[in-house]
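Undergrad: Build the 3D model from these lines:
(one chain, ligands or ions: 2)
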Amino acid sequence: MQSMHSDIRICLLCDEPGGTIANLCDACACELPTLPEPCVTCGASAIPHTQTCRACTTRHPPVDRTVCALAYAPPVDYLIGRLKFRRDLRVVPALAGLLLRAVADEAAADWLAPVPITAARLRKRGFNQALEIARALGKSNGVRLTKAVHRRRGAETPQSSLPDTAARRANVADAFETRAAIGGHVVIVDDVVTTGSTVNALARCLKRAGACRVDVWAIARTP
Ligand SMILES: [Zn+2]
Ligand SMILES: [Zn+2]
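TA: Ligands and ions are numbered 1, 2, ... in the order given. The predicted structure is shown next:
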């Protein structure tokens, strides 16, 4: 019985048997919070009945389109924390399944570009959560991961400890570099989008390297 039990996929949130999304039951998967009427460009909450938020209509962000599967609110923060801080890799297929469902109608991409984390963070955590999620996505949709993008050396302050958008933008402005040309339609994959500074910096870098369209697919965005 013991060995049979280990084959059953149990919901990470309620311990009931899993459903269509790996390691989540259908009831828990349905109840996860989403962002109401998000901006199609940056994923932030837009003004009702418009597709694009005010900031995106006045500035021209380097990201062409953003899809965030969920809102970064309970229990999504718990699930992501369980992956990042407790190294529970059973969360990866669950998050990848939720993201795949959210991007089912999106245009096919040429490359997936997981957001690289700093070397210091990688040493501490042991893995890059965005890379793990992108690998699981690529396995399902057949899109290859680009290896052209690197995080520059240097001790960046964690984005979450910075007070505002301007400070976050300055902190990551030079964070990324590409070591090869890249073309076509690239999708940046990340776990949580907060102000968008990180994904915008990476999108700028990808466009300088030749990408003609850059979208963002993320698990969650802060409301
Ligand atoms: Zn459940
Ligand atoms: Zn926007």
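Undergrad: give me the low-pLDDT residue ranges for the protein?
TA: 1-8, 154-155 (pLDDT under 70).
Undergrad: now with 50?
TA: 1-6 (pLDDT under 50).
Undergrad: In the chain, what residue spans correspond to helices?
TA: For the chain, the helices defined by DSSP state H occupy 2-7, 26-31, 54-58, 76-84, 91-102, 119-125, 129-141, 165-172, 197-208.
Undergrad: Just name whatever secondary elements the fourth one is in contact with.
TA: Under the contact definition 3 or more CB pairs under 8 Å, 6 or more residues apart in numbering; DSSP states H and E, helix 76-84 sits against helix 91-102, helix 129-141, strand 185-193, strand 213-221. (C-beta placed from N, C-alpha, C; glycine too.)
Undergrad: check contacts around the residue lying closest to Arg125 once chain neighbours are set aside.
TA: Take Arg125 and drop its neighbours on the chain: the residue closest to it by CB to CB, 6 or more residues apart in numbering is Lys84, 6.7 Å away. With contact set as CB atoms under 8 Å, 6 or more residues apart in numbering, Lys84 has these partners: 125, 129, 191.
Undergrad: Write out the residues of the chain neighbouring ligand 1.
TA: Within reach of ligand 1 by CB under 5 Å from the ion, the chain has these residues: 11, 13-14, 16, 25, 28.
Undergrad: Any chance of a markdown table for these, columns neighbour count?
TA: Listed next are these as a markdown table, based on neighbours: other CB atoms under 10 Å:
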| residue | neighbour count |
| --- | --- |
| Cys11 | 19 |
| Leu13 | 19 |
| Cys14 | 12 |
| Glu16 | 13 |
| Cys25 | 20 |
| Cys28 | 20 |
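Undergrad: residues near Phe85, how many?
TA: 9 (other CB atoms under 10 Å).
Undergrad: roughly how far apart are it and Gln129?
TA: Look at Phe85 and Gln129: by CB to CB, to the nearest Å, they are 10 Å apart.
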